[in-house]
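Visitor: A structural model of the following input is requested.
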Amino acid sequence: MDYTKLIHTIIDPFVSKPESILIREIPQESNKDLTFLIVSESEDTAHLIGKKGCVAYAIRDIVSIAGKLEGKRVHIKFESFDQEKGE
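Guide: Predicted coordinates:
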């Protein structure tokens with residue numbers, strides 16, 4: 001399954017600049033675990049997380065269900081470009 005495409009399909013309507021979204025898979029030791037980092041503008045990151053994290057929780061649920069169909073655990077992390085520059 002193309003998780004990057006799935007994540008884009010879910011999050012693009014929530015952001016003002018979908019072309020600036022960067023989705024990276026973070027390598028894991030286990031083949032059953034997948035971790036994706038979604039990096040966007042700080043305002044878009046706020047939209048993706050939502051109040052009390054409700055939008056982020058929903059995004060994680062949908063992608064997690066898709067992963068379970070393949071026997072994988074999918075984790076999603078959110079960052080803004082400002083946070084990534086600081087690292």
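Visitor: from now on I want contacts and neighbour counts done on CA atoms only, so please keep to that.
Guide: Fine.
Visitor: chain neighbours aside, what residue packs nearest to Lys17?
Guide: In space, and not counting its chain neighbours, Lys17 is closest to Asp44: 7.6 Å by Cα to Cα, 6 or more residues apart in numbering.
Visitor: what number of residues lie near that neighbour?
Guide: Asp44: 22 surrounding residues under other Cα atoms under 10 Å.
Visitor: may I have the helix or strand in which it is found exported as CSV, CA atoms only?
Guide: Per DSSP states H and E, Asp44 falls inside helix 42-49. Output of helix 42-49 as CSV, limited to C-alpha atoms (Å, rounded to 0.1, in the frame of the first residue of the first chain):
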residue,chain,number,x,y,z
SER,A,42,3.2,25.9,11.2
GLU,A,43,-0.3,27.1,10.5
ASP,A,44,-1.1,24.0,8.5
THR,A,45,0.4,21.8,11.3
ALA,A,46,-2.0,23.4,13.7
HIS,A,47,-4.9,22.5,11.3
LEU,A,48,-3.7,19.0,11.1
ILE,A,49,-3.5,18.5,14.8
